[in-house]
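[1] 3D, please:
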Amino acid sequence: MFKISLLLLVGVLNLSVALIVLSRNARKALNIIFAIFGVAVALWTLGIAAFLYTDNANVALEWARLYYIAPLIIVATSVPFADVFPSGGRVKPLKLYLSLAGFIALTALITTTDFLFDGITYHSWGKEVILNKVPYALYSLYLAAAFLATLIPLYWRAKKERGMYRAQASVFFVGYLSSCILGVFFNLILPGFGNYQLIWIGPSASTIYVVTTAYGIVRHKLFDVRLLAARAVGYILSIVALGVVYGVGAFGIATAFLGVDQTSINERIVYAVLAVLIALTFSRTKRFFDRVTNKLFYQDVYDSQAFLDQLNEVLVANTELNSLLSDASRVIGENIKAEFCLFGIRETEFRTQRMVGTGKREFAPKDIAYVRKVTPHFDGHVIVADDLEDEHRELRKVLLKNDIAVIARLAPENAQHKEGLGYLVLGPKRSGNPYNSQDIKIIGIIAQELFIATQNVLHYEEIEHFNITLQRKIEEATRKLRRTNDKLRQLDQTKDDFISMASHQLRTPLTSVKGYVSMVLEGDAGKISPMQRKLLNQSYISAQRMVYLISDLLNVSRLRTGKFVIEPVPCNLARVIKDEIEQLQETAKGRNLELTYNKPEHFPTLMLDETKIRQVIMNFIDNAIYYTPSGGHIRVSLVDKPETVEFTVADDGIGVSKHEQHHLFTKFFRAQNAQRARPDGTGLGLFMAKKVVVAQGGAIIFKSQEGKGSTFGFTFAKKPLLPSGAPPEPPSVE
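    Have a look, this model is predicted:
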């Protein structure tokens with residue numbers, strides 16, 4: 001019974017390991033192949049146990065067929081398994097086809113004919129299968145060849161792989177080799193030579209494979225099923241402990257107190273009480289073994305959600321980069337249980353390279369430069385040193401030399417070939433265990449959160465730095481602007497002084513010229529011909545225009561110094577307009593223009609500065625004459641309204657473009673089409689016209705459309721004349 005019990009236990013263990021691996025990822029080829037392999041080993045073991053147990057020859061023969069077919073399933077799965085274990089890959093088609101072909105052929109022969117054995121014979125020590133020598137030799141050679149086809153790739157994998165994969169391949173190779181040697185010897189060679197008594201040892205030796213697989217799960221995260229393995233072991237230990245304790249207890253109590261002659265009712269009562277005790281103590285017993293298995297399997301266990309919550313609190317609470325990275329590295333190190341956790345933030349225009357975290361580490365500049373050069377070309381952001389393939393041998397060497405187990409780029413999720421803000425660097429775990437898939441997944445999540453948080457803090461720092469820099473630049477620009485303004489004021493003062501001096505110097509000779517021309521026109525120098533009168537009139541008008549220009553220049557200077565004064569007197573605006581039109585009529589006719597004025601018969605007397613308002617009127621009409629093409633019309637009108645008087649000069653000349661109209665009444669501005677029509681203009685006429693009108697309480701009238709003409713004018717509210725003898729108070733204009 002010992003042999004059968006041992007085989008049953010080994011079979012259950014093999015089946016459990018297969019199901020655990022399959023439940024971890026039922027769609028991964030590596031897990032599926034291994035699960036089939038484990039089930040086949042379990043069938044082989046349980047088939048031999050059943051063969052040894054049964055006394056029926058026919059039933060024993062059928063069990064014999066099963067345990068001879070099971071090794072075919074084992075090699076049919078182990079051959080492709082060696083191609084994909086441990087790091088994945090493709091199964092070589094030729095090996096797969098040969099393995100399946102041999103499996104199908106031998107299985108068909110064993111199940112349908114007496115190809116492998118003729119029957120069963122009994123001995124004093126038990127029973128054995130009568131084997132056909134030649135077919136059995138072919139069967140044995142096929143299995144031996146398949147075992148070699150599995151062991152050789154596993155051996156080379158154990159040699160060529162690096163890091164965690166190398167450890168996994170080595171562990172599995174040792175377990176598989178040990179089980180193969182014992183199985184071939186006790187279940188192929190000895191039966192071939194007539195020794196059938198030890199066939200139970202080969203399947204029992206598969207416990208070596210189970211133990212090595214369990215070790216690989218615990219130490220090297222083989223198939224990454226540590227959670228299921230820990231819980232399974234916890235349950236098994238709980239059940240075994242309870243079975244032993246309460247089974248022995250029940251047997252002892254029944255023997256000591258009830259005796260063999262007591263009624264079955266009393267036995268049932270005791271068993272019922274013991275069952276209740278088992279139910280009451282099971283949860284505590286299970287928790288105890290859970291703690292034990294957690295210490296064994298989960299030295300590095302942590303709650304992922306609690307970990308992320310702690311990190312989020314840190315990210316929200318900090319707005320200073322060093323504080324943020326220091327607190328984040330502490331939280332990561334405490335949960336991941338790494339020997340050190342560091343953040344390396346690259347240099348930018350506003351900051352130098354910095355290294356912040358737990359545990360002081362110094363990295364060679366050339367190593368840092370190499371990592372920064374290579375890592376942006378990886379598809380993923382998280383790089384595990386032990387998982388790097390041969391093509392990245394140099395990077396793995398650099399990382400391991402600096403005792404770095406994991407490095408994660410702080411970069412956008414979709415960043416390709418971009419370095420990002422920096423790196424999260426983790427040392428090995430303090431327990432010596434490797435980083436598992438949960439760790440890598442969590443590190444990937446926190447790397448993205450840290451990228452966003454770090455980017456926000458860096459932007460905040462850059463804004464602060466920019467504000468300081470901007471303030472300095474503003475202060476420097478302000479100082480330069482003050483110096484420039486002082487120079488401009490000096491230049492402006494010099495300009496005004498020159499204009500004032502030049503205007504006074506020009507005014508005296510112009511007054512003489514104008515006076516003498518007036519005397520000649522009035523006949524003081526004798527009779528003049530019509531042609532002479534015409535020429536002299538033009539000279540007089542030009543002299544008058546020069547007088548107005550000089551007045552404009554002087555008024556501009558007076559405006560700056562605050563000496564521009566309005567001197568209102570009773571003024572007949574209708575007569576002033578008529579006088580100016582009479583002077584300009586000849587000029588209008590000379591340019592083939594029709595200048596019309598409808599003088600009102602009765603018009604109120606207004607308090608205006610007659611000299612300055614005359615200059616405004618002359619400027620509006622003169623502009624209309626010069627900016628209206630030949631054959632055009634100029635209409636001057638003066639309207640007496642109930643509350644106001646309105647003067648306008650309308651023409652059908654060149655007009656002013658819409659985008660220039662808002663500049664029109666500024667100092668020295670002239671529209672582009674006006675510059676082409678009259679290059680000698682100064683841009684002061686309209687500027688001074690507005691100043692004069694507004695200073696006397698009036699408002700400017702202006703409408704224009706380019707190519708269709710303009711309307712200029714002003715409007716004044718009617719004001720009562722001052723009482724007799726009360727002189728007006730002249731306003732000054734700033």
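[2] Distance of Pro191 relative to Ala144?
    With the distance defined as CB to CB, to the nearest Å, Pro191 ends up 14 Å from Ala144. Placement of C-beta: from N, CA and C, glycine included.
[3] likewise Lys527?
    150 Å.
[4] do the same with Asn195
    18 Å.
[5] Tell me which of the two has more neighbours.
    Ala144 (15 against 12; other CB atoms under 10 Å).
[6] In this structure the more buried one contacts Leu188, no?
    Yes. Counting by CB atoms under 8 Å, Ala144 does reach Leu188; the two are 7.5 Å apart.
[7] I'd like to know how many residues surround His663.
    Around His663 there are 12 residues (other CB under 10 Å).
[8] Also the one 10 residues further on?
    In terms of burial, Asn673 registers 17 neighbours under the definition other CB under 10 Å.
[9] list the contacts for the closest residue to Thr207 other than its chain neighbours?
    Ranked by CB to CB, 6 or more residues apart in numbering and with sequence neighbours excluded, the top spatial neighbour of Thr207 is Val10, at 5.4 Å. Applying CB atoms under 8 Å, 6 or more residues apart in numbering, one finds that Val10 lies in contact with 45, 203-204, 206-207, 210.
[10] so what's the backbone phi/psi at Val639?
    phi -120, psi 130 (degrees, to the nearest 10).
[11] who's it bridged to?
    Glu646 (DSSP bridges).
[12] That one: what's it in contact with?
    Val639 neighbours (CB under 8 Å, 6+ apart): 600, 645-647.
[13] swap in Leu426?
    332, 336, 338, 340-341, 404-408, 435, 443.
[14] and with 6 Å instead?
    338, 341, 405-406 (CB atoms under 6 Å, 6 or more residues apart in numbering).
[15] could you pull out the strands for the stretch 501-650 of the chain?
    564-565, 569-571, 594-598, 606-608, 633-640, 644-651 (DSSP state E, counting those that start in this stretch).
[16] The shortest one pairs with which strands, and in what direction?
    Spelled out, that is strand 564-565. Strand 564-565 is paired, per DSSP bridges, with strand 732-733 (antiparallel).
[17] now do the fourth one
    According to DSSP bridges, strand 606-608 has the following sheet partners: strand 569-571 (antiparallel).
[18] Could you report the separation of the residue nearest to Asp579 when sequence neighbours are not counted from Arg676?
    Excluding the flanking residues, the one nearest Asp579 by CB to CB, 6+ apart is Arg614, at 7.7 Å. In this view, Arg614 and Arg676 are 29 Å apart by CB to CB.
[19] Compare these two and say which one has the larger neighbour count.
    Arg614 (18 against 10).
[20] Relative to Asp622, how far out is the more buried one?
    According to CB to CB, Arg614 stands 12 Å off from Asp622.
[21] check which helix or strand covers the residue nearest to Thr207.
    helix 2-24 (DSSP states H and E).
[22] Which positions in that helix come out as buried?
    3, 6-7, 10-11, 13-22, 24 (16 or more other CB atoms under 10 Å).
[23] In three-state terms, label the residue most central in space within the chain for me.
    Closest residue to the average C-alpha location of the chain: Pro412 at 4.4 Å, with CA atoms, centre = their mean. Look at Pro412: counting by DSSP: H, G, I helix; E, B strand; the rest coil, its state is coil.
[24] thinking again about what came up before, need the strands of the stretch 501-650 of the chain in TSV (columns: mean pLDDT).
    Shown next, in TSV, are those (pLDDT from 0 to 100):
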stretch	mean pLDDT
strand 564-565	76
strand 569-571	91
strand 594-598	91
strand 606-608	91
strand 633-640	94
strand 644-651	94
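[25] Which of those strands sits closest to Leu100?
    strand 644-651 (104.8 Å; CB to CB).
[26] which residues are in contact with whichever helix or strand comes after that closest one?
    Next along the chain after strand 644-651, taking DSSP H and E as the criterion, comes helix 672-677. Under the contact criterion CB under 6 Å, 6+ apart, helix 672-677 has outside partners 627, 654.
[27] could I have helix 672-677 exported to CSV, CA atoms only?
    The C-alpha coordinates for helix 672-677 follow below in CSV (Å, rounded to 0.1, in the frame of the first residue of the first chain):
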residue,chain,number,x,y,z
GLN,A,672,-0.5,107.1,-48.8
ASN,A,673,-2.7,108.4,-51.7
ALA,A,674,-2.4,111.9,-50.3
GLN,A,675,1.4,111.7,-50.3
ARG,A,676,1.3,110.7,-54.0
ALA,A,677,-1.1,113.5,-54.9
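[28] Show the subsequent helix or strand relative to that helix.
    helix 685-695.
[29] angle of that next one against strand 644-651?
    If you take axes from the mean of the first three to the mean of the last three CA atoms, to 10 degrees, helix 685-695 sits at 170 degrees to strand 644-651.
[30] Parallel or antiparallel, which strands does the helix or strand just after helix 685-695 pair with?
    Sequence-wise, the next helix or strand downstream of helix 685-695 (DSSP H and E) is strand 699-705. Strand pairing for strand 699-705, determined by DSSP bridges: strand 709-717 (antiparallel).
[31] Buried residues in the partner strand, which are they?
    709-716.
[32] rewinding a little: tell me the pLDDT of the residue nearest to the centre of the chain.
    Note for Pro412: predicted pLDDT of 82.
[33] do Lys487 as well
    87.
[34] That one: helix or strand, and which one exactly?
    helix 437-521.
[35] what bits of the stretch 351-500 of the chain have low per-residue confidence?
    Across the stretch 351-500 of the chain, the ranges flagged by pLDDT under 70 are 351, 415-417, 432, 465, 467, 496-497, 499-500.
[36] Please repeat the previous calculation with a cut-off of 80.
    Applying pLDDT under 80 to the stretch 351-500 of the chain flags the ranges 351-354, 359-361, 379-380, 386-387, 389-391, 413-420, 431-434, 436-437, 458-470, 492-500.
[37] Ok, the stretch 601-734 of the chain next?
    Checking the stretch 601-734 of the chain against pLDDT under 80 turns up 667-668, 678-684, 719-734.
[38] which residues of the stretch 1-150 of the chain fall in strands?
    Using DSSP E, counting those that start in this stretch, strands in the stretch 1-150 of the chain cover 117-123, 126-131.
[39] And these: which comes nearest Tyr139?
    Set against Tyr139 and scored by CB to CB, these come closest in strand 126-131, at 9.0 Å.
[40] got the angle for the closest one vs helix 2-24?
    Going by the same axes, to 10 degrees, strand 126-131 makes 60 degrees with helix 2-24.
[41] buried stuff in strand 126-131?
    Quick answer for strand 126-131 (16+ other CB under 10 Å): 127-129, 131.
[42] do stretch 643-663 as well
    Those would be 645-656, 660-661, for stretch 643-663 by 16+ other CB under 10 Å.
[43] do stretch 621-633 as well
    Here stretch 621-633 shows 621-628, 632 as buried, counting by 16+ other CB under 10 Å.
[44] now the contacts of Leu426 as a markdown table including distance to Phe103, secondary structure and neighbour count?
    Below are these laid out as a markdown table (distance: CB to CB, whole Å; DSSP: H, G, I helix; E, B strand; the rest coil; neighbours: other CB atoms under 10 Å):
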| residue | distance to Phe103 | secondary structure | neighbour count |
| --- | --- | --- | --- |
| Ala338 | 47 | strand | 24 |
| Cys341 | 51 | strand | 24 |
| Ala405 | 42 | coil | 22 |
| Val406 | 42 | strand | 25 |
